[in-house]
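[1] model this:
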Amino acid sequence: MTDKIRTLTGITTTGTPHLGNYVGAIRPAIEASRRDDVESFYFLADYHALIKCEDPARIAQSRLEIAATWLALGLDTDRAFFYRQSDIPEIPELTWLLTCVTAKGLLNRAHAYKAAVDRNVADNEDGDAGVTAGLFMYPVLMAADILIFNAHRVPVGRDQVQHIEMARDIGQRFNHLYGGAFRAVTGSKDDPFVLPEAVTDDNVATLPGLDGRKMSKSYNNTIPLWLPAKQMKKAILGIVTDSRAPGEAKDPEGSNVFALYQAFATEDETWSMREAFADGIGWGDAKQKLFERIDCELAESRERYNDLMARPHDIETILRDGARKARERSVPLLRALREAVGLGSEQPFGARVPKGEISSPKALPQWKRYVESGLHFAKLVDSEGNLLFQSKGLADARQASAIVDVVMSYASRPNFDGIAPEHVEFSGDTERIAEAVRLIAAAKEEKKRRNTQS
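    Got it, this is the predicted structure:
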């Protein structure tokens, strides 16, 4: 395990990113991920999204949009772990282990649950009316998110500090109950879990929305991050201002336009705008300068975002690769935790199974053929489900079969000369494709040999 400080950030997947998200969370998080002394984990909190949203299409689209957003804005996935919560099966399993040591009274005190109960009581309804077990158990799932990767620090807003404190309490309780067994299993001197710390930054910018209140989807006053330039300009021109005329000095303090400009501008640019306010710049001119400054910062990223959204298979590959890397951490820890609580194997507690004595069949790469909207598709995935090759939709099933045949000859003839480029949606690493083809071919030969013998 690295000696770097591990930080973990969950990203909700129930909405479209806006300028406030970018300035207050995304931009500082990506900047922090570039530090050499930090190991950063960023995940799409799609299990958590199910608590708030019951629209499958909205959740699926939001996962795509938010992943594309972080990638377009420069998150380096070679330096940081970037994955979907739902791609890490150790998280829900750990959630159950933690549930079994968590006092119900602790969950009763969670702010979100108490707020829901208080609203119901105020409306003369049963306290738990409309409250799901998902909302009630939210803090345990969040604890599992954090503890599975033993994060040292979790950057959060002040409204989330309680959840980090609860994660500490839950982790400490598990350490107390099973720490000795864990150390016996692993030979480590450490407890199973690092107790995380909440990190809040009072200097993080909070942007005003179109109406001057905090920019928030709840107030319907946001400026979406990836609006096309013309629509972005139109939205900015709609920002509420006072009635001071051009030529009349304006106070930058308390000005929505100035606050937004300052969040994107350099110190010199901010000073120049402050002087322009004192000189009586018109609101229309000030908003034009604001638009130009925001567009200057986001234009290239907007192009990258649109390009990524047009290539969802590339995003899928990046997320699956991120999950694979993350599971290199979560799988060994969960295996040790299972043994520590007595679920590790059929052997007596503490017994060791000799290496090689137990073997399980290894999953194989496979082809998946499917029909969607009348078109035929073929894709090749590796043993963990990572996409290696994907055809475009084809009108004829025989075309899809022909593509499979060409790719299956790849190990002996490493090129795709028999496939028209316009029929290929995605083609990944050639060595991994060749290895997958060899494994599939070898399995077919072995099956044929066994059938012959029988």
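[2] hey, where'd the strands end up in this structure?
    Counting by DSSP state E, residue ranges of the strands within the chain are 5-12, 38-45, 81-84, 153-155, 197-199, 366-372, 375-381, 387-391, 424-427.
[3] in stretch 83-92, which residues are buried?
    83-88, 90-91 (16 or more other Cβ atoms under 10 Å). From N, CA and C alone the C-beta is placed, and that goes for glycine too.
[4] okay if I get the strands of the chain as a markdown table plus distance to Arg244?
    What follows is those, written out as a markdown table (distance: least, Cβ to Cβ, whole Å):
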| stretch | distance to Arg244 |
| --- | --- |
| strand 5-12 | 38 |
| strand 38-45 | 43 |
| strand 81-84 | 46 |
| strand 153-155 | 38 |
| strand 197-199 | 40 |
| strand 366-372 | 57 |
| strand 375-381 | 59 |
| strand 387-391 | 56 |
| strand 424-427 | 55 |
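[5] Thr452: which of these is closest?
    Distances from Thr452 to each of those were compared using Cβ to Cβ; the minimum, 23.0 Å, belongs to strand 366-372.
[6] tilt between the closest one and strand 375-381?
    Interaxial angle, strand 366-372 versus strand 375-381 (axes from the mean of the first three to the mean of the last three Cα atoms, to 10 degrees): 160 degrees.
[7] pull out the CA atoms of strand 366-372 and give them to me as PDB.
    Written as PDB, here are the backbone C-alpha positions of strand 366-372 (Å, rounded to 0.1, in the frame of the first residue of the first chain):
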ATOM      1  CA  GLN A 366     -16.500 -13.700 -25.000                       C
ATOM      2  CA  TRP A 367     -18.400 -12.400 -27.900                       C
ATOM      3  CA  LYS A 368     -21.800 -10.800 -27.300                       C
ATOM      4  CA  ARG A 369     -24.300 -10.600 -30.200                       C
ATOM      5  CA  TYR A 370     -27.500  -8.500 -29.900                       C
ATOM      6  CA  VAL A 371     -30.100  -6.700 -31.900                       C
ATOM      7  CA  GLU A 372     -31.100  -3.100 -31.100                       C
END
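[8] that strand pairs with which strands?
    Taking DSSP bridges as the criterion, strand 366-372 pairs within the sheet with strand 375-381 (antiparallel).
[9] show me what the partner strand is in contact with.
    Contact with strand 375-381 is made by 365-371, 387-397, 399-401, 403-404, 407, 433, 436, as judged by Cβ atoms under 8 Å, 6 or more residues apart in numbering.
[10] could you pick out the buried ones from those?
    When neighbours are counted using 16+ other Cβ under 10 Å, the contacts of strand 375-381 contain these buried positions: 365, 367, 387-392, 394, 399-400, 403-404, 407, 433, 436.
[11] by pLDDT, give me the weakest of the residues you listed.
    In this model, the minimum pLDDT among those belongs to Leu387 (80).
[12] how much space between the nearest residue to that residue once chain neighbours are set aside and Ala67?
    Leaving aside its sequence neighbours, Leu387 sits nearest to Thr317 (Cβ to Cβ, 6 or more residues apart in numbering; 5.3 Å). Distance of Thr317 to Ala67, computed by Cβ to Cβ, to the nearest Å: 11 Å.
[13] quick one, what contacts Gln160?
    Ala198.
[14] quick one: it from Gly20, how far?
    16 Å.
[15] how about low-confidence regions in the stretch 201-350 of the chain?
    Counting by pLDDT under 70, the ranges of the stretch 201-350 of the chain that qualify are 202-205, 345-350.
[16] show me which of Thr317 and Ala67 is the more surrounded one.
    Residue environment comparison for Thr317 versus Ala67 gives the larger neighbour count to Ala67, 26 against 18, counting by other Cβ atoms under 10 Å.
[17] so the more buried one sits against Gly322, correct?
    No. Taking Cβ atoms under 8 Å as the definition, Ala67 is not a contact partner of Gly322, at 9.5 Å.
[18] quick one on the thing from earlier: the strands of the chain: lowest mean pLDDT?
    Between the strands of the chain, the one with the least mean pLDDT is strand 424-427; it has a mean of 79.
[19] which helices and strands sit right next to that strand?
    Secondary structure elements in contact with strand 424-427, counted by 3 or more Cβ pairs under 8 Å, 6 or more residues apart in numbering; DSSP states H and E, are helix 312-341, strand 387-391.
[20] okay, those, which one's buried deepest?
    Among the helices and strands packed on strand 424-427, strand 387-391 has the highest mean neighbour count (mean count of other Cβ atoms under 10 Å), at a mean of 22.
[21] quick one, that one and strand 366-372 angle?
    Using the same axes, to 10 degrees, strand 387-391 lies at 40 degrees relative to strand 366-372.
[22] what about Asp37, how many residues close to it?
    Other residues lying near Asp37 total 7 when counted by other Cβ under 10 Å.
[23] which residues sit in contact with it?
    Here Asp37 is in contact with 4-5 (criterion: Cβ under 8 Å, 6+ apart).
[24] still on that earlier bit, show me whatever sits in contact with both of Ala67 and Gly322.
    Taking Cβ under 8 Å, 6+ apart as the contact rule, Ala67 and Gly322 both touch Phe82.
[25] ok, Ile419 - contacts?
    Taking Cβ under 8 Å, 6+ apart, one finds 403, 406-407 in contact with Ile419.
[26] mind checking which of those residues are in helices?
    Secondary structure of these is defined by DSSP state H; positions in helices are 403, 406-407.
[27] got TSV for the residues you listed, with distance to Asp382 too?
    Output for the ones in helices among the contacts of Ile419, formatted as TSV (distance: Cβ to Cβ, whole Å):
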residue	distance to Asp382
Ile403	18
Val406	19
Val407	13
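[28] which of those lies closest to Arg153?
    For the ones in helices among the contacts of Ile419, the closest approach to Arg153 (Cβ to Cβ) belongs to Val407, at 45.0 Å.
[29] list the single closest residue to the closest one in space, sequence neighbours excluded.
    Nearest residue to Val407 in three dimensions, chain neighbours excluded: Phe389, at 5.9 Å (Cβ to Cβ, 6+ apart).
[30] how much space separates that neighbour from Ala326?
    Separation of Phe389 from Ala326 (Cβ to Cβ) stands at 24 Å.
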